[in-house]
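>>> What follows is a predicted structure for the sequence shown.
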Amino acid sequence: MKELLLGKTTNEISAQLDKLNEPAYKGKQISKWIYQRYVRDFEKMTDISKDLRKSLTDNFEISNSSVATKIESEDGTTKYLVKLKDGNTVECVNIFQPDHHTACLSTQVGCNVKCPFCATGLSGFKRNLTPDEILDQYLLMQGQSEERISQVVFMGMGEPFLNYDATLKSVHLLNKEVGIGMRHITISTSGIIRNIEKLMNEKLQLNLAVSLHSADDELRDRLVPINKNNPLSELFYACRKYADVTKRRITFEYVMLKDINDRREDLEKLITRLKGIHCHINLIPHNPIYSAEKFEATPMNKIKEFQRVLSDAGYPTTLRVSRGSSTDAACGQLSVIQGG
């Protein structure tokens, strides 16, 4: 079986080249072709010898993943279906914004958190992704994009903190090998407390987002089932400590669900429980999905009033613009494609 190079650091690639009695600088050249020029074929690495290209082809492969399909939304956001070596598929998104592009990456095939308003959770869980499979989503999208994808969010399929080690390795590869600044990388979690605390000790300058959706334990048990083992009192304590220790502002994500979490009492609980946490709040209009339990988006005028009250209470609040919804590429709409 051929050795996979994607997912290895430059030093690790150089170590592989040492086995072929090749100098270390060749590893640096190959790493640059993979991570900064997005090349997936050794024959296209034109600054290395023909003999070495053949030796590389005989002994190594660059990637196990490929683009199965892609579809572009009216707003320019592009969703990719990526086929993995074992036949499973994941979705990832190149989010178009007027001043930059953002890669939304998946960390699992499916998701085992099972939030009832999210298509990914409803599609079930199959397995964790490996670091190379996570990273390769970015490389595949960047390789097909005319514009630089300058930001990365781990907000695709899956719960990153239930695949912590692979997620963190892909973060380091994106930073050190691809050249994405840590402050341009965001990891989103539904609230796995032990790994919020673990990330705090990593001392990284990345961004942490917490999918909150309710400041009431009973309601959050329903909306985010892992809340039963990660209750809000402990979650808010961990978030407060994370912000204090890292000096990094936490973003709380709040999907607005009509007559469920958008009532006055929901707003008051949110204001009270976030007190003292250095944070920013993203209000997200619910995007439609196929679900046995019917959820509707909060009317826009009510979301704006929700935003106004939060802002008046001293919480910086953004009403997020959903992108890619026309192709089911927006927040909460990614899912496992059977037979992809």
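Arrived safely, thanks for sending.

>>> Quick one: mean pLDDT over stretch 171-181.
Stretch 171-181 shows an average pLDDT of 98 in the prediction.

>>> ranges for the strands of the stretch 151-300 of the chain?
Using DSSP state E, counting those that start in this stretch, the strands of the stretch 151-300 of the chain run over 185-189, 207-211, 250-256, 279-285.

>>> just the helices in the protein please.
10-18, 24-35, 50-59, 119-122, 131-143, 164-173, 193-200, 217-223, 232-246, 264-273, 300-312 (DSSP state H).

>>> Rebuild those helices as a markdown table, extending it with distance to Ser211 and mean neighbour count.
Yep, even glycine has a C-beta here, placed from its N, CA and C like the rest. As requested, these are arranged in a markdown table below (distance: least, C-beta to C-beta, whole Å; neighbours: other C-beta atoms under 10 Å):
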| stretch | distance to Ser211 | mean neighbour count |
| --- | --- | --- |
| helix 10-18 | 33 | 17 |
| helix 24-35 | 30 | 19 |
| helix 50-59 | 42 | 14 |
| helix 119-122 | 11 | 23 |
| helix 131-143 | 19 | 24 |
| helix 164-173 | 15 | 20 |
| helix 193-200 | 12 | 18 |
| helix 217-223 | 9 | 17 |
| helix 232-246 | 11 | 17 |
| helix 264-273 | 14 | 15 |
| helix 300-312 | 17 | 15 |
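
>>> Run through the residues that contact the nearest residue in space to Leu56 that is not next to it in sequence.
Distance criterion C-beta to C-beta, 6 or more residues apart in numbering; nearest residue to Leu56, sequence neighbours excluded, is Phe42 at 4.5 Å. Phe42 is in contact with 53, 56-57, 60, 62, counting by C-beta atoms under 8 Å, 6 or more residues apart in numbering.

>>> let's go with 6 Å and repeat that
Taking C-beta atoms under 6 Å, 6 or more residues apart in numbering, we find Phe42 in contact with 53, 56-57.

>>> Likewise for Gly76?
Phe96.

>>> Ramachandran coordinates for it?
The phi/psi pair for Gly76 (degrees, to the nearest 10) reads phi 90, psi -10.

>>> Any figure for the gap between it and Asp221?
38 Å (C-beta to C-beta, to the nearest Å).

>>> follow-up on the earlier one: for the contacts of Phe42, which one is nearest Pro316?
Leu56 (49.8 Å; C-beta to C-beta).

>>> Before we move on, what's the pLDDT of the closest one?
On the pLDDT scale, Leu56 gets 96.
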